[in-house]
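Engineer: Provided below are the primary sequence and the corresponding predicted coordinates.
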Amino acid sequence: MLVDGKWVANWQPVQAADGKGRFIRQTSQFRNWITPDGSPGPTGQGGFKAEAGRYRLYVALICPWASRTLMARSLKGLADLIPVTVVNPTLTDEGWQFGGYPGADEDPLFQSRYMHQIYTRADPHYSGRATVPVLWDMRQNVMVSNESADILRMLDTAFEHLAPSAIRLYPAEIGAQIDALNETIYHQLNNGVYKAGFALSQQAYDEAVTGVFQMLDQLEARLTGDFLFGARLTETDIRTFVTLIRFDAAYHGLFKTNLRQIADYPRLSAYMARILALPGVRETVNLDHITRGYYSIKALNPTGIRPVGPDHVARLLNGLQAG
Ligand SMILES: N[C@@H](CCC(=O)N[C@@H](CS)C(=O)NCC(=O)O)C(=O)O
């Protein structure tokens, strides 16, 4: 991580835990919003007007939080307006690295070697982890946001006048319900799998894994329609999908969330395939980056050996053309 702009200690997945060995995820620090006219958003500073080609999204294809934003970018038809840079999936001692792997990009803006250099460019005294996603303003050379939940929301509304879209990921009239379901899914599932995988005690693991499967059971029961809120796709579906698609291939083995697989849940499996088949979604999923990335986390898998299966995820993805 960075302390006062300097990289300290080799990269470790867990830098913070509570007294009971529970993994604590850090809070994002760059919280500005792009808006249609550059007026300030709910947090941070103003001055980030929606413009074609002005902003760049830095992502890792292994990362569910980054993939949320990639999916929103695709589904909202913003691919031509917001270019993307993909980091190398392998976690190094200095965190995310650019280039050097099929499907990974060099940093086109500053030729940085590591993602942490983007953070010190944004703030020479930054202290914290150098996470993805990062939304970067190429006009002012500043970081707009490193919080995927906020980026999802701004992509939903800010560019509407430049790229009108029939999809509304956060319809105001069900906003409160979306917020409430997001919250539970985040704690029990999205971050729940990480809490299981990065637990430093049996108790912390037991608590986390119980939450994960309670959530999956609840979602299986809830899914009587196409999506979690019935016929329309919302951001909650995106936030759920990114965890489901990684589950059998990575979390089930590496994070020990192995009571069941998603393949054991008929409705969740059909739901995952339904979302995957939406235009532009398949292209945001790269199974090679996902397995390579997770199984490169040395603290959990010192040899870096990547398991061969399960092959049902690959079959599902290959059935929908390679990406
Ligand atoms: N709250 C952030 C979390 C992002 C995050 O934790 N990303 C992980 C990858 S999945 C990361 O970049 N980790 C690198 C690190 O922790 O050093 C968000 O949702 O945008």
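Structural biologist: Thanks, I have the structure now. Residues are numbered from 1 along each chain as shown.

Engineer: What are the neighbouring residues in contact with A122?
Structural biologist: The contact partners of A122, by CB atoms under 8 Å, 6 or more residues apart in numbering, come to 30, 136, 142-143. Every residue, glycine included, has its C-beta placed from N, CA and C.

Engineer: Get me the contact residues on the stretch 101-250 of the chain for the ligand.
Structural biologist: 129-133, 146-149 (CB under 6 Å from any ligand atom).

Engineer: Same list (those) but as CSV, adding distance to L70, secondary structure and pLDDT.
Structural biologist: As requested, these are exported to CSV (distance: CB to CB, whole Å; DSSP: H, G, I helix; E, B strand; the rest coil; pLDDT from 0 to 100):
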residue, distance to L70, secondary structure, pLDDT
R129, 20, coil, 94
A130, 18, coil, 96
T131, 15, coil, 97
V132, 10, coil, 98
P133, 8, coil, 98
N146, 15, coil, 98
E147, 15, coil, 98
S148, 10, helix, 98
A149, 14, helix, 98
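
Engineer: Which among these count as buried?
Structural biologist: The neighbour-count test (16 or more other CB atoms under 10 Å) marks 129-133, 146-148 as buried among those.

Engineer: And the helices in the stretch 1-150 of the chain?
Structural biologist: For the stretch 1-150 of the chain, applying DSSP state H, counting those that start in this stretch gives helices covering 64-75, 115-122, 148-157.

Engineer: Once you drop chain neighbours, what's closest to Q97?
Structural biologist: Of all residues beyond its chain neighbours, the one nearest Q97 is N88 (4.6 Å), with distances taken as CB to CB, 6 or more residues apart in numbering.

Engineer: What is the burial count for K298?
Structural biologist: Neighbourhood size, K298 [other CB atoms under 10 Å]: 16.

Engineer: wait, I meant L200
Structural biologist: L200 sits with 14 neighbouring residues when counted by other CB under 10 Å.

Engineer: got the contact list for it?
Structural biologist: Taking CB under 8 Å, 6+ apart, one finds 14, 17, 21-23 in contact with L200.

Engineer: neighbour-wise, which of those leads?
Structural biologist: Neighbour counts for those (other CB under 10 Å) peak at F23, which has 21 neighbours.

Engineer: what about the nearest residue in space to D137 that is not next to it in sequence, how many residues close to it?
Structural biologist: Of all residues beyond its chain neighbours, the one nearest D137 is V144 (5.2 Å), with distances taken as CB to CB, 6+ apart. Using other CB under 10 Å, V144 has 28 other residues around it.

Engineer: Test my guess that V144 contacts N32.
Structural biologist: Yes - if you go by CB atoms under 8 Å, V144 and N32 touch, sitting 4.9 Å apart.

Engineer: And R31, how far from the ligand?
Structural biologist: 11 Å (CB to the nearest ligand atom, to the nearest Å).
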